[in-house]
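S.K.: pasting the structure only:
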């Protein structure tokens, strides 16, 4: 294959902290070259340099055999060269339609007083039909699912005649069916000679789709290997610098008295009443495909979405959860699926984010701010948040450290129940195991329990003491993970198997 891109000796520092150290990376036409590394290894910094968002301190880039002035490269210049990036956080305009988002670059560049909406819709339809994307042209982006937004981002990138497509964790929020569609699209893109830089933490996914893998560790390029010729454990060992098994250990340590009991929960998202119970020292797993109602259930339990009727008992006492404030008052914490949008204040510091759940105490005249700082520092040390200081803005932390900050917030608030919605999404194996360790330590405390929501069935089977499977916004099965298989859970999720509420 012909060489499309060469990045040589790329270095970058931020405020004296080295993010990249003489990194080398290359890409051929029609190739999927995977970037693999722990959070904070330098992957995002490298692709932001290639896309013109950052300028390197040193190094050079060749594109199609020609040298690029890296100090003048900016996002528009990168796009003009044919370098398109699809980030984890979508760059879409929520209040505009699918067609308007897809054709927006042409509006901007062509100018003019009037827009030919018939031509806009015809062109947008042609692009989506060519990719076999089933997305309504007149749908507002704010109303699309995460998977549809992902597909729209891909369509926008390809409509710009991209020669290099950078995909940052593209399957993180997709169902298995949607992942299969994405992989078929990747195959179609390869056939057109487009080079793909694919960032993912899913080892089996990498082995399946990658032609080559370059591993970054601590800002350096460690190795480039053929993923078909190395095992999953070998890839992980290269990535983290030590041997680590991919097999996880069950986190639940037993069950005790009920912590949360819910009977007859209903609202506009759940036409059929939902009942569940989670007990002391238990991790209750909730599985289901995208759109099954998992996230909506977590939102209802945390009081974000009002419920019409529900009998709720918390620690043996009848109560109600009318708002997030009432949930926090009871001792319930919530880690949302989209941590950046719903879980953190990105422009605020680590310290400020970790004390958000204690705002009532902050209003107290006797509140000790020195003690507050000491408590946050102790928590940061205990859960191993990697940050230069408590004053560091959270937006500059890696995904795994952002998750730790959210968990630290609820641990400081002395919560008894944690609702965790996709807590390991988009984070590497090392950070994932650290998150598992924090969850296990929490659930071992007296009176504590966890509701663990994930679309990763292997993860659900490993961490859960009991599994509820959701499909079409209702609970269709209650299973014992020791007696259940991945295929069985998938069948319930897709509605293939009948409703079952007892252990088999």
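M.R.: Sure thing, it's come through. Here the structure is a predicted model, which is why all the values come from computation and not from measurement.

S.K.: what's stretch 299-306 in contact with?
M.R.: 260, 262, 265, 267, 269-270, 296, 307, 321-327, 332, 334, 419, 451 (C-beta atoms under 8 Å, 6 or more residues apart in numbering). C-beta coordinates here come from the backbone N, C-alpha and C atoms, glycine included.

S.K.: Show me the strands in the stretch 1-150 of the chain, by range?
M.R.: Along the stretch 1-150 of the chain, counting by DSSP state E, counting those that start in this stretch, strands occupy 3-14, 17-28, 32-36, 58-63, 66-68, 83-86.

S.K.: now the angle from the third one to strand 3-14?
M.R.: Strand 32-36 and strand 3-14 are oriented at 20 degrees to each other (axes from the mean of the first three to the mean of the last three C-alpha atoms, to 10 degrees).

S.K.: Run the angle between strand 32-36 and strand 17-28 for me.
M.R.: Going by the same axes, to 10 degrees, strand 32-36 makes 160 degrees with strand 17-28.

S.K.: how much distance is there from stretch 295-302 to the middle of the chain?
M.R.: Here stretch 295-302 is found 18 Å from its chain centre; the criterion is C-alpha atoms, centre = their mean, to the nearest Å.

S.K.: from here on, count from 24
M.R.: Yes, from this point I'll number from 24; that puts the last item at stretch 318-325.

S.K.: could you give me the average pLDDT of it?
M.R.: For stretch 318-325, mean pLDDT rounds to 93.

S.K.: And stretch 488-499, by the same measure?
M.R.: The model assigns stretch 488-499 a mean pLDDT of 90.

S.K.: what are the ranges of the helices in the stretch 374-523 of the chain?
M.R.: Taking DSSP state H, counting those that start in this stretch to define them, one finds helices in the stretch 374-523 of the chain at 382-385, 392-406, 422-435, 452-466, 480-486, 509-516.

S.K.: is it possible to export these to TSV including distance to residue 96 and mean neighbour count?
M.R.: Formatted as TSV, the helices of the stretch 374-523 of the chain follow (distance: least, C-beta to C-beta, whole Å; neighbours: other C-beta atoms under 10 Å):
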stretch	distance to residue 96	mean neighbour count
helix 382-385	43	12
helix 392-406	36	14
helix 422-435	26	24
helix 452-466	30	19
helix 480-486	39	21
helix 509-516	44	18
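
S.K.: With respect to residue 230, which of these lies nearest?
M.R.: Closest to residue 230 of the helices of the stretch 374-523 of the chain, according to C-beta to C-beta: helix 452-466, at 13.7 Å.

S.K.: helices or strands next to the closest one in the packing?
M.R.: Helix 452-466 makes packing contacts with helix 255-263, helix 422-435, strand 440-444, strand 472-476 when contacts are defined by 3 or more C-beta pairs under 8 Å, 6 or more residues apart in numbering; DSSP states H and E.

S.K.: Could you check the angle it makes with helix 255-263?
M.R.: Counting by the same axes, to 10 degrees, helix 452-466 lies at 90 degrees to helix 255-263.

S.K.: worst average pLDDT in the helices and strands packed on helix 452-466?
M.R.: Among the helices and strands packed on helix 452-466, helix 255-263 scores lowest, at a mean of 82.

S.K.: who touches that one?
M.R.: 59-61, 64, 226-227, 229-230, 236, 238, 240, 245-246, 248, 250, 253, 266-269, 451-453.

S.K.: Now a PyMOL select for only the buried ones of those.
M.R.: Applying 16 or more other C-beta atoms under 10 Å to the contacts of helix 255-263, the buried members can be selected in PyMOL as follows:
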select buried, resi 59+60+61+64+226+229+230+236+238+240+245+248+250+253+451+452+453
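
S.K.: Mind checking which of the contacts of helix 255-263 land in helices?
M.R.: Among the contacts of helix 255-263, the members falling in helices (DSSP state H) are 226, 227, 229, 230, 452, 453.

S.K.: which one of the residues you listed sits closest to residue 300?
M.R.: residue 452 (32.1 Å).

S.K.: Would you agree the closest one is in contact with residue 223?
M.R.: No - here residue 452 does not reach residue 223: they are 11.4 Å apart, not a contact under C-beta atoms under 8 Å.

S.K.: Which per-residue confidence value corresponds to residue 439?
M.R.: 95.

S.K.: which residue sits closest to it in space, ignoring its chain neighbours?
M.R.: For residue 439, ignoring the flanking residues on the chain, the nearest one in space by C-beta to C-beta, 6 or more residues apart in numbering is residue 354 at 3.9 Å.
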